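Colleague: I need the structure of the sequence given here:
(chains A and B)
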Amino acid sequence: MRKKNACSMANVGETCRGAGRNARSAGEYDTLFASVESAMLAVLDSFLWTNDRDALLDNLELLSRKLSAVQPERLRPLLTRNSPSVDAALHMVRIWNCGRGVQEKNGMFSPPPPVPYIAFLLAPTPFPFSGDELDTVRGGTGYGVEDVREWHGAEMRRLMKEREARPVRGSVGGAERKGDAS
Amino acid sequence: MIGAVFGGTPSMRLGALLKDADLEALSGRRVVVLSSLPEVPPVSGCSPRLLAPSFEQSHPVDIAAECYAAVSGAEAAASLFAEGCLSTEGASVNRTSNDRHWSGNLRLGLQNLFRASGILSAQNGNSLVRTLTDCVDDMNSLAGDRSEFKSSSKAPRWMDALPQEIRRHLEGIYLKGHSDTVRSNFRTLMPLLEEIRATAPDMWTEPLLADPDGEPLFVHTPDWGEGPLALLLRVCILSARTFFVLPELHRWSPLEISRVGYVFSTRRGSVDALYSSAFPLSFPGFDPDWELYGATSSVSVLSLFRQRLAATGAGDERLTALPFETPAALDERHAILRNRAGWSVVECDGFDTKRLFFPKRKGERDSYKERFERNIESERGMALKKDVAPVEEDTLSYLEERDGERGAVVCVEGVPERQGSLDNGEALYSLEGRRFVVDRKAPVSGRIHVAFLPANGEDAAEPLILCEKLWTAEESAGYTPPEPRMISWLLFETTPDTKIHPEQAGQAGKRKVTVSAPFLGHDVTLVIPASRSLVPCDAEEGEMLVAGAWLEPRRVFLVQELLAVRAPDMDDSIRFHLLLHPKQKKCLDAGGELVLRSEKLLQELREGREFGESVEAEAAFLKAKMKYENASRSLVKVFLTTLAARDLERAGFTARFTDRSLGRLSGATPNEALMLIDSFDFSAGRRPWYFLDEDPGDCMGPVIAGILASRLITLDGSLFSFRQHENDL
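Modeller: As a prediction, the model looks like this:
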């Protein structure tokens, strides 16, 4: 039995790009949402090909910056929305408690949990989240805006630390001990 | 005209398809369902006649008789037959061959053999194809009997019944022609005729395809070889007002799509067809003249929809004049139609998939024991001498070799211990219980080494390669080994210009150096872990080996281990380039373009554009994304459906530095083995339908296929043979 496209909306508002909604009712938001979705997919697709995490973080920062320049009123209706395409790509990328990869359970692959990625992109910005939004806007894994803020801070600290060249196991030019390689 | 139904549910697509087919049948046209799936839909409420030789209910077809019925004049029929056999894609003679005389002879010979089958058909009750193939067997047998010194053969008796003109042609080509030419002629003809013979009836069979008033037909394409399928389709196109229906094209194998697509593209303008597919296909011959869009969120369908909108000038991204502006906004009962009249919304009925008919395969009801006994008895019955030993010694040794023991390689890691010196200038070493010899001058130190040794070769043989491990690191700033994990090896060269200290080469955090990779034929960027460098090198210029992971396929390599080659001396080794299979190339190009388009879109944002202002860049990115999805699926499918995946698994590329065999993939030189992977996660490959058989709105499949494909691009292209998976044989 196949289990596909299980983009169930656990805690996220029910909207995917083209998920059967009447487009007229939210045309303006759809256009913005579609553009942000394309940009997010560009970031993730680029990463899945190059595996350059520095570039990924730079690009996410770019999207956050661009989103923070949009009026909060335009963004607020989009905070709870997710996209099946973005969810799928995020399932393979280790950010925001995502990137769990393809896991098998009872002979079926686990579906990617929905991720309110616009809210998560806005998390490290001064976007005025309401208390209710901070509580309720969460992804399928329960990860919320505050969690993303913490993740972002930790990631930035780690990045700075890693960028300082530091020694790893063994000495330069020295031999490794037997069994170290595996 | 070719129409297409995209998106929607399978029920919606089939409903739209069959409704159109019924209307065409009502107007007096013959409906021919082409499918590579063993699911037969009803046409006009009835099951169509099956042309599917692997199924019990199949109706026999004499393709030679069909040619005689398709056109006026025996010569035209012979031309049609020869053209169908010899000019199809894949198993054919290249019609643009420079050797025109040879090609012309081949064609003329086949045409006259075809005529002979018609002329001789009154003398027996055999089918025309059977008569034709019997004639070819006779001629081939005569050609085989000819020696180099014998200028001609005696004509077979059946040629006495042929008119002079045809007899003269056949004698001139097959009996008096140069023996090499005749043999090569038959070597080309026989496989073509074998595939025709495989699906041909023995007994006389009346034509049925060419009847414009005939009942609907169902052609199961995988059952038909290249020539027969091309002929079946051409006869349908030529002689009857045929309307082709092709259900669920996205579930067909690429081979079947391209075979049918080839005929459609070469007969464009004469073909009337309607196909359904969950998403648009990039194969030639299927570019639709009109489309019906069902409800979908598929990126590829929406992208096509936008392209058509732009092309017709009906809007930017939406049909604002219609109640449903995009396919994404549709419900299950409506669809958006684009045809010559413009854009409109139509109602669509679903099709109850329970009404599909699943024919029985021949022998399907037999138990495996019955099949085995019947097959083995049939084979034994063909033995000419019963007392000969069934398997010769040579065969046994060949089988042993095939099992991967003889000629296989093991990878051993440890500190080599010198056992002594030999008279021939070599030194004897022991490594983890295995002995090997290298040149006494080879710099073997007391440090960890990695050796690739013959598994069951002679005692103390030379290693395929012996490397000293210089350093190991686990992490690299800003980079993580990509998942699924795949460890690769890369041999590269340093030159005096190589910046072997990356920290001096660029800004912090970008520890990259560019080196030459002779087996790839271009430079590669190595990402070096913090505090590591390409020293110690024995000299400023030399060959080094790294183990790690490809970050960007064939371009950027994450180094996790640095090794120096100690033996053999590789200066004189032959430099093979890693092969790039066409599907790998396509995927590599599509991936590069996807990144380029992604970067362009992001660059526009970086330069000050706001979301929604980069319409062109966004469209180009989505187009590139679709292209990569198609290319990656295609590559992964080749990998999984040929023996490539199994070859790798058998060869032991599942665990690192163990005694498992590298099998025949070790190849003739150590370098080839080292350029392959030694660790790969195949778990996703166990569920191929998950990423190959896309359902509308499925987003996970393309992502997994894309990631797998990016790994497969780095393998040697020779792995991607076209041999069928054993389960399919």
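Colleague: hey, let's count contacts and neighbours off CA atoms from now on
Modeller: Will do.
Colleague: quick check: longest helix in the chain by residues?
Modeller: Since you didn't name a chain, this refers to chain A. helix A:27-50 (DSSP state H).
Colleague: um, chain B though
Modeller: helix B:615-641.
Colleague: ok, back up a step: which of the residues in the longest helix of chain A are buried?
Modeller: A:29-50 (16 or more other C-alpha atoms under 10 Å in any protein chain shown).
Colleague: near chain B, from those residues?
Modeller: Counting by C-alpha under 8 Å from any C-alpha of the partner chain, A:31-32, A:35-36, A:38-39, A:42-43, A:45-46, A:48-50 from these sit close to chain B.
Colleague: okay, these in JSON lines with distance to B:Ser103 next?
Modeller: Compiled in JSON lines, these are given as follows (distance: C-alpha to C-alpha, whole Å):
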{"residue": "A:Thr31", "distance to B:Ser103": "59"}
{"residue": "A:Leu32", "distance to B:Ser103": "61"}
{"residue": "A:Ser35", "distance to B:Ser103": "56"}
{"residue": "A:Val36", "distance to B:Ser103": "58"}
{"residue": "A:Ser38", "distance to B:Ser103": "53"}
{"residue": "A:Ala39", "distance to B:Ser103": "54"}
{"residue": "A:Ala42", "distance to B:Ser103": "51"}
{"residue": "A:Val43", "distance to B:Ser103": "53"}
{"residue": "A:Asp45", "distance to B:Ser103": "48"}
{"residue": "A:Ser46", "distance to B:Ser103": "49"}
{"residue": "A:Leu48", "distance to B:Ser103": "49"}
{"residue": "A:Trp49", "distance to B:Ser103": "46"}
{"residue": "A:Thr50", "distance to B:Ser103": "48"}
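Colleague: pLDDT for those - can I get that in CSV?
Modeller: CSV is the format used below for those (pLDDT from 0 to 100):
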residue, pLDDT
A:Thr31, 85
A:Leu32, 90
A:Ser35, 94
A:Val36, 95
A:Ser38, 95
A:Ala39, 96
A:Ala42, 97
A:Val43, 96
A:Asp45, 95
A:Ser46, 95
A:Leu48, 91
A:Trp49, 92
A:Thr50, 90
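Colleague: which stretches of the stretch 401-550 of chain B form strands?
Modeller: Assigned by DSSP state E, counting those that start in this stretch, the stretch 401-550 of chain B shows strands spanning B:409-414, B:417-421, B:426-431, B:434-439, B:449-454, B:465-472, B:486-494, B:512-517, B:522-527, B:542-552.
Colleague: coming back round to it: other SSEs contacting the longest helix of chain B?
Modeller: Under the contact criterion of 3 or more C-alpha pairs under 8 Å, 6 or more residues apart in numbering or on different chains; DSSP states H and E, helix B:615-641 touches helix A:27-50, helix B:299-312, helix B:582-606, helix B:689-692, helix B:700-712.
Colleague: about what we covered before: and the angle for the longest helix of chain A with helix B:582-606?
Modeller: Following axes from the mean of the first three to the mean of the last three C-alpha atoms, to 10 degrees, one obtains 130 degrees for the angle between helix A:27-50 and helix B:582-606.
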